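Q: Got a predicted structure here, sequence first:
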Amino acid sequence: MTIFSKIISREIPADIVYEDEHCLAFRDVNAQAPLHVLVIPKRVIPSLVEVDSSDATLLGHLLVTASQLAPKLGYANGFRTVINCGSDGGQTVNHLHVHLLAGRHLGWPPG
C-alpha cells in the first residue's frame, strides 16, 4: 500500500482540494512551486508504463481535472502538468500521479 492509497482511505491526512469518484487532488507537502497539487486516480495504477487503452478515459479525466483546478485555485495565467515515470524519470511513489505546478516561472528544460 502506497502513501497515496493511505491518503485516499484517509489513513493519512492531506490538504485535499478536489475529489470525485475517479480521482483525488491534494497539495504536495514537498511543494516545488507556489501551487503544487497532485492529482491521483483512486484506482491504483503503479506507473504510466502500466496503462493500456482501457485507461484512456481515466487518464483524460486526470488531465481535465488538473486543467480545471489551476484557474479555480487562482492560477489562470499558466501552469505545468508533469507525470514522472520510473526511477530515472523521477517517480518516487508507485501510484500514477499528475503534478500540477504554477505560481512561478517554470523554466525549460525541467530538472
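A: Received it, and whenever you're ready, just let me know what you need.
Q: who does the lengthiest strand in the chain pair up with?
A: As assigned by DSSP state E, the longest strand anywhere in the chain is strand 35-41. Strand pairing for strand 35-41, determined by DSSP bridges: strand 23-27 (antiparallel), strand 98-102 (antiparallel).
Q: Turn the ones you listed into TSV, including mean pLDDT.
A: TSV is the format used below for these (pLDDT from 0 to 100):
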stretch	mean pLDDT
strand 23-27	98
strand 98-102	97
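Q: Export those strands as JSON lines, with columns for distance to residue 44.
A: For every residue, glycine as well, the C-beta is placed using N, CA and C. JSON lines is the format used below for the strands paired with strand 35-41 (distance: least, C-beta to C-beta, whole Å):
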{"stretch": "strand 23-27", "distance to residue 44": "12"}
{"stretch": "strand 98-102", "distance to residue 44": "15"}
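Q: Just say which of these is most tucked in.
A: Per-stretch averages of neighbours, counted by mean count of other C-beta atoms under 10 Å, single out strand 98-102 among the strands paired with strand 35-41, with a mean of 23.
Q: now what about that strand, what contacts it?
A: Defining contact as C-beta atoms under 8 Å, 6 or more residues apart in numbering, one finds that strand 98-102 is touched by 25, 28, 32-40, 62-63, 66, 69-70, 73, 75, 77-84.
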